[in-house]
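# Got a predicted structure plus its sequence, pasted below:
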Amino acid sequence: MAKSDRSYEIGRHDRDWIESVAEPIHPVLAEIEDAALPERIPILALLASGRRRICEVGTAYGYSTLCMALAQSHGGSIVTIDPDRERTDIARGFWRKAGIAVGRITVVNAKALGAFASNDPVLAGPFDLVFIDALKHEYRAYFDALLPRLVAGALVVADNALWSGRVSGASPVRGDDDGTEELRRFDAFVLRDARFQAALLPVGDGMLVAAYRGG
């Protein structure tokens, strides 16, 4: 049997081929890409499949929210947190256009840590999927706030876990306050936390995926 070349790195040609054979993305997702140019996160839809209660930290224009809503189980719900009401109003328009039922997605317009501390019942959980994509220096604080709200078997997914190479040292940091050091500590903490089975996937800008064992 032929051996694989372990030194090979996936490049643009490989990604173009994958996109050419994969099912086309929802037209509203394509519209959001044209408007906001987000990175495609097809793996996020896969992780959301079968999940009933999802919490997202960082809504932006609602791209990842819509990815998860389209893949989620029938009767599922999403609560998404973002202080920028102008952006979340735009996101709501995209969700309506995609046919997402009113009430499926609840928006909390507040800073995430303040929202968690407020004891808002919509954030009480329990959640079986959490997606974190907000202020990088606060990732650990989001994680700590969400931990008691998880069910056993829940997934915690954190985007930008490699931070364009800055976390690994492949790229220079952009200043002492760019979140690199906090992300580096967050990644190491979750990967070593015995309560989770975790992996850092080198897709997009790095995606940390951790399955909660419970306890």
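It's in. Residues are numbered from 1 along each chain as shown.
# helix/strand/coil for the residue positioned nearest the centre of the chain?
Geometric centre of the chain, nearest residue: Phe131, 3.6 Å, by C-alpha atoms, centre = their mean. Following DSSP: H, G, I helix; E, B strand; the rest coil, the label given to Phe131 is strand.
# Pairing-wise in the sheet, spell out the partners of it.
Assessed by DSSP bridges, Phe131 has beta-bridge partners Glu56, Val157.
# Double-check it against Ala60; I have them as touching.
No - using C-beta atoms under 8 Å, Phe131 is not in contact with Ala60, being 11.6 Å away. All C-beta atoms are positioned from the backbone trio N, CA, C, and that covers glycine.
# How much space separates the residue nearest to the centre of the chain from Ile54?
Counting by C-beta to C-beta, to the nearest Å, the separation of Phe131 from Ile54 is 7 Å.
# Which neighbours do the two have in common?
Counting by C-beta atoms under 8 Å, 6 or more residues apart in numbering, the residues touching both Phe131 and Ile54 are Met68.
# just to revisit the earlier point, contact partners for the residue nearest to the centre of the chain?
Counting by C-beta under 8 Å, 6+ apart, Phe131 makes contact with Leu44, Ile54, Cys55, Glu56, Val57, Ser64, Met68, Val157, Ala158, Asp159.
# Which among the residues you listed count as buried?
Leu44, Ile54, Cys55, Glu56, Val57, Ser64, Met68, Val157, Ala158, Asp159 (16 or more other C-beta atoms under 10 Å).
# A strand includes the first one, no?
No - applying three-state DSSP, one finds Leu44 to be helix, outside a strand.
# how deep is the residue lying closest to it once chain neighbours are set aside tucked in, by neighbour count?
Nearest residue to Leu44, sequence neighbours excluded (C-beta to C-beta, 6 or more residues apart in numbering): Cys67, at 5.0 Å. Cys67 is flanked by 25 other residues according to other C-beta atoms under 10 Å.
# So Cys67 sits against Leu47, correct?
No - at 9.5 Å, Cys67 does not count as touching Leu47 under the criterion of C-beta under 8 Å.
# Just the buried residues of stretch 120-128, please?
Neighbour-count burial for stretch 120-128, with 16+ other C-beta under 10 Å as criterion, is recorded at Leu123, Gly125, Phe127, Asp128.
# what's the span of that stretch, first residue to last?
One end of stretch 120-128 to the other measures 18 Å (C-alpha to C-alpha, to the nearest Å).
# For that stretch, what is the distance to the chain centroid?
17 Å (C-alpha atoms, centre = their mean, to the nearest Å).
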